[in-house]
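*Asks:* sequence first, then the predicted structure, then my questions.
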Amino acid sequence: MMANDPGLASDTCIFMEAISADGGNQNPNDVWWLSPDITLTGHTSGPENADAGTNQIAIRFHRKPSGTCNFPGDESITVEAWVANPSLVMAPHLRGSAARVGFIGSPLPADGGSQTQQIDWTPPPASLPVPFGIDNPQQPGPKCLVAICYPASLTPDANRFFVPGDQHLAQHNLSLVSTTSTQVKFKVNTLNPSAGTAAVVPAVKLRAVMDLAPSNFVKKTILKRLQLLPGFQQLRTAPLPEGFGFDLTGLQASQVVDHSHGSGGVSPTPPTPSFEAMVQLGAAVKQITFGAGLRGARQGDACIYHLTQTFKDVAQGGLTLVMLKV
């Protein structure tokens, strides 16, 4: 069951889309973390990356027609922009997890209309110290973005991002890596949102799948970025022999299922190569390494991986990672 932010429950008119044309009805079983309503354009490197100069974040939100929803009657909308290093689950109150870089009022859209708010963000000139050895979320590099748009009289929860589920929030979490290597490692942050409240901390499922047949929405989103990268030729549509997965060293992991290789250890080859494990996580930010072997990839191949975290099949976080072999 998807959750909604209780602080925003009195409004059902303002929404953001997780997938194009979903009308705010976010599907937790789809690739909901690639919202088209949030874009980041770096000062020099372009889409998806933050640079040392001024970066532009554009946030689009929508209003349902009057008579189809409840609205508190406010004259303006508050728009919040949050950034994080590539992450699965983030917490707004937790230092080192995510940082709010925009908080601004924006005009109320007309009935059934949309509005786009631009936010200029310049990362601090020096890295700020954060606990547990986690990198500062405002440092330059690939970013995970969360946007919150809501009537100005309301107040969102200060401890949790209600994604997926609450139509006032959306996430854009896409990272692209160009590499000449056949072994690639990528750091991902996450945490267990239940760890601070549960008497017995439950394990969560980390899962990675290699998308060999992306949906039209995923393909369009990724190709828009890939076509700006030198060396891109085609999307990878066949498994690779060396597989992929999370580095579970030092983690309390169980129920590891590795079907990531070309044969996946089973016959015939699974249609969707995958890797999953149950992992014990705490409430603090934890950095986990995802690795993939690109031996066998052709020059110009772009390999798509979707990384997710769930608890009892309820979505908690997602990230799409694209590795381009050049």
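*Replies:* Sure, I can see it.

*Asks:* Provide the secondary structure category for Lys219.
*Replies:* When classified by DSSP: H, G, I helix; E, B strand; the rest coil, Lys219 comes out as helix.

*Asks:* what's the average pLDDT for stretch 247-263?
*Replies:* Across stretch 247-263, the average pLDDT comes to 92.

*Asks:* again, but for stretch 219-233
*Replies:* 95.

*Asks:* distance from the chain centre to that stretch, please.
*Replies:* 18 Å (C-alpha atoms, centre = their mean, to the nearest Å).

*Asks:* what comes up buried for that stretch?
*Replies:* Residues 221-222, 225-226, 232 are the ones in stretch 219-233 that count as buried (16 or more other C-beta atoms under 10 Å). Heads up, the C-betas are built off the backbone N, CA and C, glycines and all.

*Asks:* mind listing residues that contact it?
*Replies:* For stretch 219-233, the external contacting residues (C-beta atoms under 8 Å, 6 or more residues apart in numbering) are 34, 36, 46-48, 174, 176, 178, 214, 235, 298-302, 304, 320, 322, 324, 326.

*Asks:* could I have the buried ones of the residues you listed as PyMOL selection syntax?
*Replies:* In PyMOL syntax, the buried subset of these is picked out as below (16+ other C-beta under 10 Å):
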select buried, resi 34+36+48+174+176+214+235+301+302+304+320+322+324
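
*Asks:* circling back: just send the buried residues of stretch 219-233 back as CSV, with distance to Val146 too.
*Replies:* Below are those laid out as CSV (distance: C-beta to C-beta, whole Å):
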residue, distance to Val146
Thr221, 17
Ile222, 20
Arg225, 19
Leu226, 23
Phe232, 28
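
*Asks:* name the nearest of those residues relative to Asp313.
*Replies:* Thr221 (24.6 Å; C-beta to C-beta).

*Asks:* so that closest one versus Asp30, what's the distance?
*Replies:* According to C-beta to C-beta, to the nearest Å, Thr221 stands 12 Å off from Asp30.

*Asks:* can you name the residues bridging to Glu276?
*Replies:* Arg207, Val257 (DSSP bridges).

*Asks:* surely it meets Ala203?
*Replies:* No - the criterion here is C-beta atoms under 8 Å, and Glu276 misses it with Ala203 at 11.8 Å.

*Asks:* these two: who's more crowded?
*Replies:* A direct count of neighbours by other C-beta atoms under 10 Å for Glu276 and Ala203 places Glu276 higher, at 20 against 16.

*Asks:* look up how far Asn192 lies from that one.
*Replies:* Taking C-beta to C-beta, one finds Glu276 at 16 Å from Asn192.

*Asks:* per-domain residue ranges of the protein.
*Replies:* 6-173, 178-325 (automatic domain parsing).

*Asks:* what mean pLDDT does the longest one get?
*Replies:* The pLDDT scores in domain 6-173 average 94.

*Asks:* tell me where the stretch 51-200 of the chain has strands.
*Replies:* 55-63, 76-84, 99-107, 114-121, 141-142, 144-151, 169-179, 183-190 (DSSP state E, counting those that start in this stretch).

*Asks:* reformat the ones you listed as a markdown table; add distance to Pro239.
*Replies:* Shown next, in a markdown table, are the strands of the stretch 51-200 of the chain (distance: least, C-beta to C-beta, whole Å):
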| stretch | distance to Pro239 |
| --- | --- |
| strand 55-63 | 36 |
| strand 76-84 | 30 |
| strand 99-107 | 38 |
| strand 114-121 | 39 |
| strand 141-142 | 25 |
| strand 144-151 | 27 |
| strand 169-179 | 18 |
| strand 183-190 | 16 |
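
*Asks:* related to what we said a few turns ago, which of the buried residues of stretch 219-233 fall within helices?
*Replies:* Using DSSP state H, the subset of the buried residues of stretch 219-233 located in helices is 221-222, 225-226.

*Asks:* format those residues as JSON lines; extra columns: distance to Ile77.
*Replies:* What follows is these, written out as JSON lines (distance: C-beta to C-beta, whole Å):
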{"residue": "Thr221", "distance to Ile77": "25"}
{"residue": "Ile222", "distance to Ile77": "30"}
{"residue": "Arg225", "distance to Ile77": "28"}
{"residue": "Leu226", "distance to Ile77": "33"}
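
*Asks:* could you measure Asn189 against Trp121, distance?
*Replies:* On the measure of C-beta to C-beta, Asn189 and Trp121 end up 19 Å apart.
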